[in-house]
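Colleague: build me a model from this:
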Amino acid sequence: MAAAALTFALTFLVAGTLWLSVGAKLKLNEDQQVNNLLNLVLYYVLCLPVIFTIVFAVIG
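Modeller: Here you go, the predicted structure:
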């Protein structure tokens, strides 16, 4: 359970940092606020498997 919480928290931190550094490069929606949110969600989804693998490799 702690590993899952750590995975989700680290993924949010990495995705947020990635979004702040790279920005909303992908045009997913015409509305700027929605586009920023969709880019953050996309970064989160793309980072989740990587962080999951790292967390469970370190714990295991």
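Colleague: ok, the residue nearest to the spatial centre of the chain to residue 3 distance?
Modeller: When the chain is reduced to its mean C-alpha position, the nearest residue by Cα atoms, centre = their mean turns out to be residue 44, at 2.1 Å. Residue 44 is 18 Å from residue 3, where distance means Cβ to Cβ, to the nearest Å. Where you see a C-beta, it was placed from the backbone N, CA and C, and this is true even at glycine.
Colleague: circling back to that earlier point, now the residue nearest to the centre of the chain, what's its secondary structure?
Modeller: For residue 44, the secondary structure call by DSSP: H, G, I helix; E, B strand; the rest coil comes out as helix.
Colleague: excluding its backbone neighbours, what's nearest it?
Modeller: residue 15 (4.1 Å; Cβ to Cβ, 6 or more residues apart in numbering).
Colleague: residues contacting the one you found?
Modeller: 40, 43, 44, 46, 47 (Cβ atoms under 8 Å, 6 or more residues apart in numbering).
Colleague: I appreciate the help and will end here.
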